[in-house]
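Engineer: need a 3D model of the following:
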Amino acid sequence: MPDSADPAPKESEANEHVTSPTNLSYEEYNQRADEYLGLLMNRLEQQQESRQDLEADYAAGVLEVNIASKGTYVLNKQPPNKQIWLSSPQSGPKRFDWVVTGESMNQKEGGGVGDWIYLRDGTSLTDLIRKELGIELGTDTDVA
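Structural biologist: Got it, this is the predicted structure:
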């Protein structure tokens with residue numbers, strides 16, 4: 001019904017909520033997690049030059065970001081689970097898995113996009129970082 005507060009999706013609309021992670025080797029996981037956290041640290045260091053309220057430290061797979069007006073964010077690698085964990089003073093704790101979307105049977109091979117996704121609700125770590133920290137990271141289109 002169009003007047004419904006939560007209308008059902010049209011049959012032609014694809015449901016993009018992913019419920020399982022992409023299968024990764026431990027080597028691949030470590031490469032993707034290290035690249036992501038390293039890129040985030042680089043962007044934070046760039047912002048630290050112009051912001052007095054921002055402090056960031058990255059060591060041993062743990063990235064700690066302190067923003068005076070918001071609190072402390074902690075992102076860390078969890079190799080046994082192949083996840084990146086986030087503790088946010090705004091949105092709480094979340095566990096993100098590497099997910100490649102856009103490589104289904106009906107889509108072009110090699111056309112997928114990868115990102116760290118919270119499987120419970122489909123939240124993208126990249127989107128959450130942009131929203132809560134104001135840092136632009138983008139998604140990984142080199143997922144082959």
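
Engineer: who does the lengthiest helix in the chain touch, helix- and strand-wise?
Structural biologist: In the chain, ranked by residue count with DSSP state H as the criterion, the top helix is helix 26-48. The contact analysis (3 or more Cβ pairs under 8 Å, 6 or more residues apart in numbering; DSSP states H and E) places helix 26-48 against strand 54-59, strand 62-67, strand 71-78, strand 83-88, strand 92-101, helix 125-133. All C-beta spots, glycine's among them, are computed from the backbone N, C-alpha and C.

Engineer: how about the one residue sitting closest to the centre of the chain: what's its closest non-neighbour residue?
Structural biologist: A centroid search over the chain (Cα atoms, centre = their mean) returns L125, at 2.1 Å, as the residue closest to the centre. Nearest residue to L125, sequence neighbours excluded (Cβ to Cβ, 6 or more residues apart in numbering): W116, at 3.8 Å.

Engineer: so the one you found sits against W98, correct?
Structural biologist: Yes - between W116 and W98 there is a contact under Cβ atoms under 8 Å: 6.1 Å.

Engineer: which of the two has more neighbours?
Structural biologist: W116 (27 against 23; other Cβ atoms under 10 Å).

Engineer: contacting residues for the more buried one?
Structural biologist: Residues near W116 by Cβ atoms under 8 Å, 6 or more residues apart in numbering: 36, 84, 96-99, 124-126.

Engineer: from N42, how far out is A56?
Structural biologist: Using Cβ to Cβ, to the nearest Å, A56 is found at 10 Å from N42.

Engineer: between the two, which has more neighbouring residues?
Structural biologist: Ranked by neighbour count (other Cβ under 10 Å), A56 and N42 place A56 first, with 19 against 13.

Engineer: contact partners for that one?
Structural biologist: Counting by Cβ under 8 Å, 6+ apart, the residues that A56 touches are 41, 44-45, 48, 63-66.
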